[in-house]
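> When you get a sec, could you give me coordinates for this:
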Amino acid sequence: MIILGVHGGIKAEQESDPFGHTMHDGTAVLLKDGEILAAIEEERLNRIKHSNCFPFRAIKQVLALAGITLDQVDRIAFNVLKNTLEQVEQKNFIRDVQSPLPARGKHRIGALFETYFGKDYSTRFRYCHHHIAHAWSAYGPSGFNQSLIYSIDGSGDNSSGMVLTAEGASMKVLRDFSIAQSLGDLYTTLIRVLGYSRFDEYKVMGLAPYGDASVYEKVFQKNYTLLPDGNYALQPAAAWFMEFADAGLIKHTRKKGEQFTQVHKDFAAALQVTLEKIVFHVLEHYRSKTKMKSLCMAGGVAHNCTLNGKILNSGLFDDVFIQPAAHDAGGALGAAWWVLYTEQPAKSRPAMDHVFLGTPVGDTDSVRNMLADWGDAITFEQCDDVTKFAAREMEQGSVIGWVQGRSEFGPRALGNRSILADPRPAENKSRINAMVKKREGYRPFAPSILEERVAEYFDLTTQTRQFPYMIFILDVLEEKRSLLGAITHVDGTARLQTVSQKTNPMYWNLIHEFEKLTGVPIVLNTSFNNNAEPIVESVHDAVSCFLTTGLDLLVVDNFIVRKKNVSGLGHLAPSLIPSRKLTMQRQPTNGHGPNDQKYWIEATKSREFQKGPLPVSRQVFDVLQLADGVSTFDALTTQLGYNDTKRDETIKEIHDLWSERAIALLPSGQVQL
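Have a look, this model is predicted:
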């Protein structure tokens, strides 16, 4: 049976959606008899972080990778109930008086499939409860025959979480947590005190170790109650903020861009401890009640790697499996497995041992041709042994972009779309944060270590030796912390990834070559992107990121890529991406002089997903009005009659907008449609 799992919004990327934050992290996955053929998040293709668009690009891509058409798919599974789809459509109508009358959600999805794929496939649709899908996303690939399962996130299908048990292909719900008990929503709401909002939760996890939880822990304790039988109660958000005001916290609310004070760090620590106490209260009860020795977890809160590490090391469970795409993207995978094992419960469940399920980088000839398209902006050469070359460059201080094989499914770069560096010098942490990521300096980086050597560098309190998904935080051995200055966090921990020679031989060989030079079987690994974009997917994405950051080198397949100067960008073709639009506004001047024209690049999506509106000059506005993705920047400025000075000013502004991913700048004819 071939099953397409889908998660995503009900509006196309070019449609205006200023309010929508539901149905984020759009995804498509393809299963054949339980085997994952392909899995891709829509953000990797439309370049909108956490995309809440209908994932038509991802659907097309997974079908293409499998070499099949949608007509060959037996079922199309959604990790949401029909009623919820209809509520989303109704909310959009209520919020926007310009929107058409609300359709029934299932009809809206059917119409989108008809628009993008030629006909309505709604007879093949199946709808899975959001948290059942999360549960299957973790249990399905775990390899466990029975397990306790904890799904925990913001909300979905009128629940904020579930505790279940699974045996064979059957599941039983033990508790369904209400929206009022949402730990995900609570975390997202409270981090406003820190100047953060939705999708910033992981940043707070990294800030917490700098603080002392005891300073504000009692303030937090006033707002939740641990109840019998693994239950709990949370006060409404307003009550939390009243307590914070009484404790003098509200006056310390951080504005975006301001420095973090010790108050902020202590607040983050107390929030993290609060989450851990409630989750452990739930798990301890159900471990005792069910006697289950294995645990599976999924849902957005299951990306809290600090929490995960403590669960692993608690001794509560013999085995813990956390879905590496624990957020809503993984729900598409879970919904597909739910359909399969509901309809064919006797099917075997193969354990998942890697997530290299996305777009291949391409064969050597295709990579060479794509790099050649950038010839005026880069130089490149083929290398007989890129692992030796890259290891030597890192040992000598280079920070490199590394693109190999199929991209990873989920939020972590695991060695195929990564930025890599020497893990030893502590200054590499601040250097990469500043020159590539342009993010807060406190944020830690992860180590990738040869699987065979993990016990030599990390404190392992369980028998587990495989941590392939960078989803557990563990202690670095005390005697190794000073050696690993770039990847050891302030509390002596690291979010590690073990690398298997079996599942990723190229990356394993690179780390092995680095060990030959340094004696250290570890490299610093962070996702290949800047702060304005998702992880790179294609060769063109990788070159774009390389040219707009301070990376020293780029390695794609077996090619070494270096930069030329910015003047070479004139031979590239600028264009607006589909989710952006140009606008012009006439600003009144209170009767003093003529009206002033203002020019903008606006986003079709809300600020949770895209930065904007962004002001642009008249000369850039004119270039982008003419841009078609084929005409080069030089051709457009010649057509507009720009002199050398005006051209140079414009190319600098175009480059800055490109760095913000507000526009595309690509070889002629490569524009995203």
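
> tell me the mean pLDDT for the longest strand that the chain contains?
Of all the segments assigned as strand in the chain under DSSP state E, the longest by residue count is strand 146-156. Here strand 146-156 scores 97 as its mean pLDDT.

> State which helix of the chain is the longest.
helix 262-290 (DSSP state H).

> Pairing partners for the next helix-or-strand element following that helix, with directions?
Using DSSP states H and E, the helix or strand that directly follows helix 262-290 along the chain is strand 294-298. Pairing partners of strand 294-298, with direction, according to DSSP bridges: strand 146-156 (parallel), strand 319-322 (parallel).

> quick one, domains of this protein?
For the chain, automatic domain parsing gives the domain ranges 2-130, 142-322, 359-564, 568-666.

> so how far is residue 109 from residue 124?
Distance, residue 124 to residue 109, using Cβ to Cβ, to the nearest Å: 11 Å. All C-beta atoms are positioned from the backbone trio N, CA, C, and that covers glycine.

> if you count what's nearby, which of those two comes out ahead?
residue 109 (26 against 16; other Cβ atoms under 10 Å).

> how close does the more buried one get to residue 468?
34 Å.

> still on that earlier bit, as CSV, the domains of the chain with distance to residue 330 would be great.
Shown next, in CSV, are those (distance: least, Cβ to Cβ, whole Å):
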stretch, distance to residue 330
domain 2-130, 8
domain 142-322, 6
domain 359-564, 7
domain 568-666, 19
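
> which one of those domains lies closest to residue 352?
Closest to residue 352 of those, according to Cβ to Cβ: domain 2-130, at 7.1 Å.

> Could you tell me the end-to-end distance of that closest one?
Criterion Cα to Cα, to the nearest Å; first-to-last residue distance in domain 2-130 is 21 Å.

> Which of the three states applies to the residue sitting nearest the centre point of the chain?
Among the residues of the chain, the one closest to the centroid is residue 411, at 3.6 Å (Cα atoms, centre = their mean). At residue 411 the chain is in coil, as set by DSSP: H, G, I helix; E, B strand; the rest coil.

> Quick one, grab the pLDDT at residue 670.
78.

> my read: it touches residue 538, true?
No: using Cβ atoms under 8 Å, residue 670 makes no contact with residue 538, being 9.5 Å away.

> what's the neighbour count on residue 222?
14.

> how about the nearest residue to it, chain neighbours excluded?
Leaving aside its chain neighbours, residue 222 sits nearest to residue 243 (5.4 Å; criterion: Cβ to Cβ, 6 or more residues apart in numbering).

> Equivalent analysis for residue 318, please.
Here the residue nearest residue 318, using Cβ to Cβ, 6+ apart, is residue 293, at 4.5 Å.

> how much space between the one you found and residue 350?
Using Cβ to Cβ, residue 293 is found at 21 Å from residue 350.

> What of residue 393?
38 Å.

> Of those two, which one has the most company?
Legend: neighbour count by other Cβ under 10 Å for residue 393 and residue 350, higher for residue 393 (21 against 13).

> so the more buried one makes contact with residue 553?
Yes: between residue 393 and residue 553 there is a contact under Cβ under 8 Å: 5.9 Å.

> Spit out the residues that contact those two alike.
In terms of Cβ atoms under 8 Å, 6 or more residues apart in numbering, residue 393 and residue 553 are both contacted by the residues residue 400.

> Assumed residue 187 was part of a strand.
No: going by three-state DSSP, the assignment for residue 187 is helix, not a strand.

> Just give the number of residues close to it.
Quick note: residue 187 (other Cβ under 10 Å) scores 20 neighbours.

> what pLDDT does it get?
Turning to residue 187, the model gives it a pLDDT of 96.

> What number of residues are in the vicinity of the closest residue to it other than its chain neighbours?
Distance criterion Cβ to Cβ, 6+ apart; nearest residue to residue 187, sequence neighbours excluded, is residue 201 at 5.6 Å. By the measure other Cβ under 10 Å, the count of residues near residue 201 is 20.

> C-terminal to the worst-scoring helix or strand of the chain on mean pLDDT, what's the next element?
Lowest by mean pLDDT, DSSP states H and E among the helices and strands of the chain is helix 82-95, with a mean of 70. Moving toward the C-terminus from helix 82-95, the next helix or strand (DSSP H and E) is helix 105-117.

> Great, nothing more from me.
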